[in-house]
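K.L.:
This is a predicted model, with the sequence first.
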Amino acid sequence: MGIDWFAFLTVAIVSLVGACFVVTVYSIGLRFWSAADTRAGKYTVKDDGTVGPATDGFPVPGAANPAMRWFRSLSVACFVVSGAAVLYGIYLIVPQFH
């Protein structure tokens, strides 16, 4: 009995690429979420480049601008894609689902 090194390498590469994909898509979703919070006025970028809470008061909930909604929608889409990739991986691993 021998080891099929090509199959082993294929599984290792696909696992690495899949993990990088999930982490990258999720982190992009977090970045869009943060951008939506900044557009909503929850946070401001100060003159020295640091990010802090807004000093002009908390934003009005009904005053959502289109860019904020667009960023929030992209963020949720990234989270859904990331979750779907994880669930598909679990589906492939567990034989009772087939």
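P.N.:
Structure received.

K.L.:
quick one: contacts for the most centrally placed residue in the chain?
P.N.:
Geometric centre of the chain, nearest residue: Tyr26, 1.9 Å, by C-alpha atoms, centre = their mean. When contacts are counted by C-beta atoms under 8 Å, 6 or more residues apart in numbering, Tyr26 is found next to Cys78, Phe79, Ser82. All C-beta spots, glycine's among them, are computed from the backbone N, C-alpha and C.

K.L.:
Check what pLDDT the last one gets.
P.N.:
If I follow you right, that is Ser82. Note on Ser82: pLDDT of 98.

K.L.:
Next SSE downstream of the helix ranked longest in the chain?
P.N.:
Criterion DSSP state H: the longest helix present in the chain is helix 5-40. Note on helix 5-40: by DSSP states H and E, the next helix or strand toward the C-terminus is strand 43-45.

K.L.:
Identify the neighbouring strands of that next one in the sheet and state each direction.
P.N.:
Sheet pairing of strand 43-45 (DSSP bridges) gives strand 51-53 (antiparallel).

K.L.:
average pLDDT across the partner strand?
P.N.:
For strand 51-53, the per-residue pLDDT averages 73.

K.L.:
Ok, stretch 18-34 next?
P.N.:
96.

K.L.:
Send me that stretch as PDB with only the CA atoms.
P.N.:
As requested, the backbone C-alpha atoms of stretch 18-34 are provided in PDB (Å, rounded to 0.1, in the frame of the first residue of the first chain):
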ATOM      1  CA  GLY A  18     -10.400  27.400   0.400                       C
ATOM      2  CA  ALA A  19      -9.300  28.600   3.800                       C
ATOM      3  CA  CYS A  20      -7.700  31.700   2.300                       C
ATOM      4  CA  PHE A  21     -10.800  32.400   0.300                       C
ATOM      5  CA  VAL A  22     -13.100  32.200   3.400                       C
ATOM      6  CA  VAL A  23     -10.800  34.400   5.500                       C
ATOM      7  CA  THR A  24     -10.400  37.000   2.700                       C
ATOM      8  CA  VAL A  25     -14.100  37.300   1.900                       C
ATOM      9  CA  TYR A  26     -15.000  37.600   5.600                       C
ATOM     10  CA  SER A  27     -12.300  40.200   6.200                       C
ATOM     11  CA  ILE A  28     -13.600  42.200   3.100                       C
ATOM     12  CA  GLY A  29     -17.000  42.000   4.700                       C
ATOM     13  CA  LEU A  30     -15.700  43.400   7.900                       C
ATOM     14  CA  ARG A  31     -14.000  46.200   6.000                       C
ATOM     15  CA  PHE A  32     -17.300  47.100   4.200                       C
ATOM     16  CA  TRP A  33     -19.100  47.000   7.600                       C
ATOM     17  CA  SER A  34     -16.600  49.400   9.100                       C
END
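
K.L.:
Thanks a lot, see you next time.
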